[in-house]
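In: mind looking at a prediction? Sequence and model below.
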Amino acid sequence: MPSQPAQSLVPMAETEKPPVKATPAGGTSAETIKQPQFPTFFPRLPAPLSTSDSYSSTALADVLNRTTHASMAKFTMGLSPASLLAAHFDWLIHLIEAPGKQIQLTEKAVRKLIRQHRFIFECVAQEGRAECCIEPLPQDRRFTGKEWQEWPFNVFYQSHLLAQQWWHVATTGVPGVSAQHERVLQFTTRQILDVFAPSNFAWTNPEVLAKAQSEGGRNFTRGFANFIDDWQRRTGGKPPIGAEDFQPGKQVAVTPGKVVYRNRLIELIQYAPATETVKPEPILIVPAWIMKYYILDLSPHNSMIKFLVDQGYTVFAISWKNPGPDDRDLCMDDYRTLGIMAALDAIATTTPDRKVHGVGYCLGGTLLSIASAALARNGGSPFQSLSFLAAQIDFEEPGELQLFIDESQLRFLEDMMWEQGFLDAKQMSGAFQMLRSNDLVWSRNMREYLMGERAPMIDLMAWNADSTRMPYRMHSQYLRSLYLNNDLAEGRFVVDGRPITINDIRRPVFCVGTERDHVAPWRSVYKWNLLTDTEVTFVLTNGGHNSGIVSEPGHPRRSYQAATRQTDDLYIDPDTWVSQTPKKEGSWWFEWVSWLNGHSGDEIRPPAIGNTEARLVDLADAPGTYVLQK
């Protein structure tokens, strides 16, 4: 058999280029144009059958990426290292390129050193006492005790505050650094500085030393016992000490009622009337599913639900299921349809031909606004009025939570949720605690582990420890559509295949913001006045995201401001609104009930609980079964 000619290993000469064929039209055929020939000393291999990656390699790469991120998240409390490093490199590179900023920081460092040394010399000259060279921020209560004004502890904390102030200047105002990276840098720098605050160590904290001296060190023995107890409870998945005294259905969430409807996502509770007559319009309360609903039904003295029932209202409340791995594919629209829409259908069978007062708290308020806008777009709304408690519709200014919202961070969170099917409560609580580490971490550690003092458990703290999970798909959609892209405020959020707009809501709105809200800052909540063309009554109350809402009558040191903007009124910016709106003492709950009464009809006899004909039967006593899920 004749052998095949051997493939040439000699490079093709430049003169041996194939001719170019002409097309019939006189042009050159694209198929026959040859690229310049480069010498090769190796035989040509046959072309691969496909240039795309195989399905198995793509899937393997995706799984490896996700599992790596999920493993890292266990050690970083859900924070993306790539996001943090990007922020620091952005700052460092632009700082290197800013000699003017470097000179400014050098000057400030020298001036602060001079102030520090002058303070030390004055302390020495005046037997340990001198006028402070820097005052703590108003919210910083770590160094308010009189012991901190004595030598040498005054030098310790003054030096710490000077360093803290210098680092604030160093991490802000660097030309070219993005606003997001600047916020991340400020946050991480503050966390590091807080770790090394003199209040966190026994030998630099005069209050701890005084306690140890008066008790002969027994405070350290109690503190160590507290630490061991807390560590065992955390590793064993048990609630904090004292939380067992506030169990739903026994000490909290005890307002009488029945579960009249249940699906895979909600239980709908109808509360028993407390008055002979009620307003004809029932109230539907939509809490956030990031928390258990009974924050609005705590102890009898501070239960908002009991307060509304006592004021003559028929109250329904949604109790969300605590999702598990099987619920990983629940989406935002499932929460709208299986939650709010299913509840409205059930209420319509119990109180037919009656409008509903919708009330949404936190994330539940955002979902309520979505459902209300979709119903209004479709030509009809079952709502008589809408009340939103610490609920945002515009996420351009979401407060310090925006530190965790960028593409890198969201991908990291998604991979963490992808592995387990949900976002665990412990992973969420870690991020929230870091936002207020002085109050929620270091001050608590100092008090319980160094001073040996246990703060008494209260119902709100016990509820906060009874946390929930977030489904993978829903939480990813929520963060991307609302926080990252701000689709709801900008008219891009899609419901049933079409975008909705908040501007379609025409029902009267009662909106509450709280002064110290780290989750829904009140200026962001105030944007209800900017994005709607309806009557808006805005209330600003003191307190935080939870304590400001649970503001029962008789609570000491409560105050609020309230004003109504009619449809034709001109817009007033939030700072002007605060300066010109008078402050009222007491609970805003009475202001709210007065507003609800003004949008309600004449009283009628209370409706029956449930509707047997519609199969809305007594499924369980309040608070139901979903709230008990761990």
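Out: Looks like it arrived, so ask away.
In: can you report how many residues lie near residue 150?
Out: A total of 13 residues lie near residue 150 under the criterion other Cβ atoms under 10 Å. Any C-beta I mention is one placed from the backbone N, CA and C, and that applies to glycine too.
In: if we ignore the residues flanking it in sequence, what's nearest it?
Out: Computed as Cβ to Cβ, 6 or more residues apart in numbering, the closest residue to residue 150 that is not its neighbour in sequence is residue 128, at 5.9 Å.
In: tell me how many other residues crowd that neighbour.
Out: Considering only other Cβ under 10 Å, residue 128 is surrounded by 15 other residues.
In: so it: helix, strand or coil?
Out: coil (DSSP: H, G, I helix; E, B strand; the rest coil).
In: in terms of pLDDT, where does residue 8 sit?
Out: The pLDDT attached to residue 8 in the predicted structure is 35.
In: thinking again about what came up before, pretty sure the residue nearest to residue 150 contacts residue 153?
Out: No. In this structure, residue 128 is not within contact of residue 153 by Cβ atoms under 8 Å, at 9.5 Å.
In: in contact with the nearest residue to residue 492 once chain neighbours are set aside, which residues?
Out: Setting aside the residues directly before and after it, residue 492 is nearest to residue 499 in space (Cβ to Cβ, 6+ apart), at 5.6 Å. For residue 499, the contacting residues are 491, 492, 493, taking Cβ atoms under 8 Å, 6 or more residues apart in numbering as the criterion.
In: got CSV for those residues, with neighbour count, pLDDT and distance to residue 227 too?
Out: Shown next, in CSV, are those (neighbours: other Cβ atoms under 10 Å; pLDDT from 0 to 100; distance: Cβ to Cβ, whole Å):
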residue, neighbour count, pLDDT, distance to residue 227
491, 14, 93, 52
492, 13, 94, 49
493, 22, 95, 46
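In: quick check, nearest of those residues to residue 222?
Out: Of all the contacts of residue 499, the one sitting nearest residue 222 is residue 493; the distance, using Cβ to Cβ, is 52.4 Å.
In: roughly how far does the closest one sit from residue 266?
Out: Summarising the geometry, the distance separating residue 493 from residue 266, computed by Cβ to Cβ, to the nearest Å, is 22 Å.
In: what does residue 536 give?
Out: With the distance defined as Cβ to Cβ, residue 536 ends up 28 Å from residue 266.
In: so for these two, which residue has more residues nearby?
Out: residue 266 (26 against 23).
In: what sits opposite that one in the beta ladder?
Out: For residue 266, the beta-bridge partners are residue 320 (DSSP bridges).
In: correct me, but it touches residue 344?
Out: No. Under the criterion of Cβ under 8 Å, residue 266 lies out of contact with residue 344, with a separation of 11.6 Å.
In: just to revisit the earlier point, what residues are up against the residue nearest to residue 150?
Out: When contacts are counted by Cβ under 8 Å, 6+ apart, residue 128 is found next to 150, 151, 152, 154.
In: list buried residues within these.
Out: Buried subset of the contacts of residue 128 (neighbour count, 16 or more other Cβ atoms under 10 Å): 151, 154.
In: from the contacts of residue 128, which is closest to residue 378?
Out: Using Cβ to Cβ, those come closest to residue 378 at residue 154, 65.7 Å.
In: so the closest one touches residue 145, yeah?
Out: No. Residue 154 lies out of contact with residue 145 (Cβ under 8 Å); the separation is 11.2 Å.
In: could you pull out the helices for the stretch 151-300 of the chain?
Out: Along the stretch 151-300 of the chain, the stretches classed as helices by DSSP state H, counting those that start in this stretch are 153-171, 179-195, 206-215, 218-235.
In: which secondary element of the protein has the worst mean pLDDT?
Out: helix 425-435 (a mean of 62; mean pLDDT, DSSP states H and E).
In: neighbours of residue 396, how many?
Out: Using other Cβ under 10 Å, residue 396 has 12 neighbouring residues.
In: circling back to that earlier point, report pLDDT for the residue nearest to residue 150.
Out: Looking at residue 128, its pLDDT reads 72.
In: distance-wise, check it relative to residue 149.
Out: Residue 128 sits 9 Å away from residue 149, taking Cβ to Cβ as the criterion.
In: quick one: pLDDT of the most centrally placed residue in the chain?
Out: Centroid-nearest residue in the chain: residue 519, 5.0 Å away (criterion: Cα atoms, centre = their mean). Reading off the per-residue confidence, residue 519 sits at a pLDDT of 86.
In: for it, which non-adjacent residue is spatially closest?
Out: Taking Cβ to Cβ, 6+ apart as the measure, residue 519 lies nearest to residue 545, with 4.5 Å between them; neighbours along the chain are not counted.
In: so what's the one you found up against?
Out: Counting by Cβ under 8 Å, 6+ apart, the residues that residue 545 touches are 362, 390, 514, 516, 517, 518, 519, 520.
In: where are the low-confidence patches of the stretch 301-450 of the chain?
Out: The stretch 301-450 of the chain contains residues with pLDDT under 70 at 400, 425-440.
In: going along the chain, name the strands of it.
Out: Counting by DSSP state E, counting those that start in this stretch, one finds strands in the stretch 301-450 of the chain at the ranges 315-320, 356-361, 383-389, 422-423.
In: max-length helix in this structure?
Out: The helix of greatest length in the chain, counted in residues with DSSP state H as the criterion, is given as helix 99-125.
In: adding distance to residue 368 as columns, could you present the strands of the stretch 301-450 of the chain in CSV?
Out: Putting the strands of the stretch 301-450 of the chain into CSV (distance: least, Cβ to Cβ, whole Å) gives the following:
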stretch, distance to residue 368
strand 315-320, 10
strand 356-361, 3
strand 383-389, 7
strand 422-423, 22
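In: pLDDT weak spots in the protein?
Out: For the chain, counting by pLDDT under 70, the residues that fall below are 1-57, 59-60, 62, 66, 69-78, 400, 425-440, 612-615.
In: redo that, cut-off 50
Out: For the chain, the stretches flagged by pLDDT under 50 are 1-43, 45, 49.
In: count the residues that sit near the nearest residue to residue 498 once chain neighbours are set aside.
Out: Excluding its sequence neighbours, the residue lying closest to residue 498 (Cβ to Cβ, 6+ apart) is residue 377, at 7.3 Å. Counted by other Cβ under 10 Å, the residues lying close to residue 377 total 17.
In: residue contacts, the closest residue to residue 592 other than its chain neighbours?
Out: Spatial nearest neighbour of residue 592, excluding adjacent residues (Cβ to Cβ, 6+ apart): residue 510 at 6.2 Å. Under the criterion of Cβ under 8 Å, 6+ apart, the neighbours of residue 510 are 385, 386, 387, 388, 537, 539, 592, 595, 596.
In: got a winner among those residues for most neighbours?
Out: residue 388 (29 neighbours).
In: now do the strands in the stretch 451-600 of the chain.
Out: Residue ranges of the strands in the stretch 451-600 of the chain, as given by DSSP E, counting those that start in this stretch, are 470-471, 494-495, 498-499, 509-514, 536-541, 559-565, 583-585.
In: quick one, which of these gets closest to residue 458.
Out: strand 509-514 (18.3 Å).
In: quick one: distance of that closest one to the chain centre.
Out: 18 Å (Cα atoms, centre = their mean, to the nearest Å).
In: list the strands paired with it, with their directions.
Out: Those paired with strand 509-514 in the sheet (DSSP bridges) are strand 383-389 (parallel), strand 536-541 (parallel).
In: tabulate the helices of the stretch 151-300 of the chain (TSV), appending distance to residue 102.
Out: Shown next, in TSV, are the helices of the stretch 151-300 of the chain (distance: least, Cβ to Cβ, whole Å):
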stretch	distance to residue 102
helix 153-171	10
helix 179-195	16
helix 206-215	37
helix 218-235	43
